[in-house]
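**Student:** whatever this is, show me its structure:
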Amino acid sequence: MSARRAPAVAGTFHKPVATREQAEAEVRGWSQLASHIVVPGLHGQVALPDRQLLAYEDVFATGRCVLLMGDVIALADRDPAMQPRLDCLVDSVCADLRAAAEETGERVPLAECVPDLYLDRIRPGGRLDRWYLRRDLPIALPHIGTTLTLRELAGFTLTANGRQLTLNVADTIDSLRHVLAPDRRWLAGLSQGDPTEPNIADPLCWLDFEFAGRNTVVGEAANLLWYLMALGGWLVPHYQPDVYSRTLRLALPPLSRPRIEYLDLHEGSRHIDVRYSWNTGPGRSAAVARALDGLRGGDGSGLEEIHAFLAMRILGVIPTSRLTGHDLLLVLIKLAESQEPLTTIDTFFTTTPAPHPHSGERSSHVPAPA
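**Tutor:** As a prediction, the model looks like this:
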């Protein structure tokens, strides 16, 4: 699939890629997965003066698929009749991720895995340094009108929903660099590499192979779960609305979002009390719970090593400079929870589902499965 030209095929989607090397890496990733999971056809590669184009089957134009996972979740948020369709899709995704571990998994150094989402971002001078360590971010605390910087916040203890936490991002990043050392071995299998709502079509077909190849099993789980928990239903629609509207078929607005309901600052004792609720739509809440169960092993294990990868997803997707003080504090609280030994995975992924809207508010156009 390294041809200079792609044949003219009806129902083709042309994906632009910056360099020939990146295009060929994506083709290799696609080729590794094509015999293991459902993927669109790859018709060829087009070399242009300033970029490469990969010619994939357009699964929506050909009728193989109807919606993306994010669309199915949004419809299930609005109409409980969509829930079985969402359950089937989540189950299929989890089955593919488990199969990647069982059929192609082996313990390898992190340096032998696709580097983009984790190893490149954790390196000194990488994304986390630029976003969190090179300047002292101001955080406007909600409800009280006080601003603390990220370094000042590290000197406070915090109680969030009754749990004692410390919000020291610099220490967390140092710890992540130790845990995610290039020579540390992880269970890794051949997978798509970025299991997020815009990259999963319904009926199940995996899209976008930029990060395809050998990826850590717990990294894939962290990616999917955090997208379901926070990125898809909250952060991406709010802070990357152009990406959200461009990548989803329906791009329906989220019905609910996480909120800090109460905050009290005790400057003398350098302590902060916070009460928050992780509000989501009912379909999204069900998807989070079902994915969590589906990614566990048969004995209920399988996510023990997820914490470092989960922290990387929390820190490394939305630039901190874009976040309001309210939203950044929520992100930092979940970061601290992810690294707190007494926080269980089930507790971390607890959501507060909103009720379904009245029937008159539900979507009037629910596409049927192909």
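**Student:** each with direction, which strands does the worst-scoring helix or strand of the chain on mean pLDDT pair with?
**Tutor:** Least confident helix or strand of the chain, by mean pLDDT, DSSP states H and E, is strand 42-47 with a mean of 91. Strand 42-47 has its sheet partners listed here by DSSP bridges as strand 52-57 (antiparallel).
**Student:** which parts of the partner strand are buried?
**Tutor:** 52-57 (16 or more other Cβ atoms under 10 Å). From N, CA and C alone the C-beta is placed, and that goes for glycine too.
**Student:** tell me where the stretch 151-300 of the chain has strands.
**Tutor:** Taking DSSP state E, counting those that start in this stretch to define them, one finds strands in the stretch 151-300 of the chain at 157-160, 163-166, 185-191, 200-202, 205-206, 213-216, 259-266, 271-277, 279-280.
**Student:** in CSV, list those along with distance to E26 and mean pLDDT.
**Tutor:** Putting these into CSV (distance: least, Cβ to Cβ, whole Å; pLDDT from 0 to 100) gives the following:
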stretch, distance to E26, mean pLDDT
strand 157-160, 40, 96
strand 163-166, 40, 94
strand 185-191, 14, 98
strand 200-202, 17, 98
strand 205-206, 13, 98
strand 213-216, 9, 98
strand 259-266, 39, 98
strand 271-277, 39, 98
strand 279-280, 32, 97
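**Student:** right, so of those, which gets closest to A140?
**Tutor:** Smallest distance to A140 across the strands of the stretch 151-300 of the chain (Cβ to Cβ): 11.2 Å, for strand 259-266.
**Student:** now for that closest one, which elements pack on it?
**Tutor:** When contacts are defined as 3 or more Cβ pairs under 8 Å, 6 or more residues apart in numbering; DSSP states H and E, strand 259-266 sits against strand 271-277, helix 325-339.
**Student:** among those, which is the most enclosed?
**Tutor:** helix 325-339 (a mean of 21; mean count of other Cβ atoms under 10 Å).
**Student:** before we move on, back to that, distance to W234 added to the helices and strands packed on strand 259-266, as CSV?
**Tutor:** Converted to CSV, those look like this (distance: least, Cβ to Cβ, whole Å):
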stretch, distance to W234
strand 271-277, 12
helix 325-339, 8
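**Student:** so which of the ones you listed is nearest P195?
**Tutor:** helix 325-339 (18.3 Å).
**Student:** of the helices and strands packed on strand 259-266, give the one that comes closest to V93.
**Tutor:** Across those, closest to V93 is helix 325-339 (Cβ to Cβ), at 21.7 Å.
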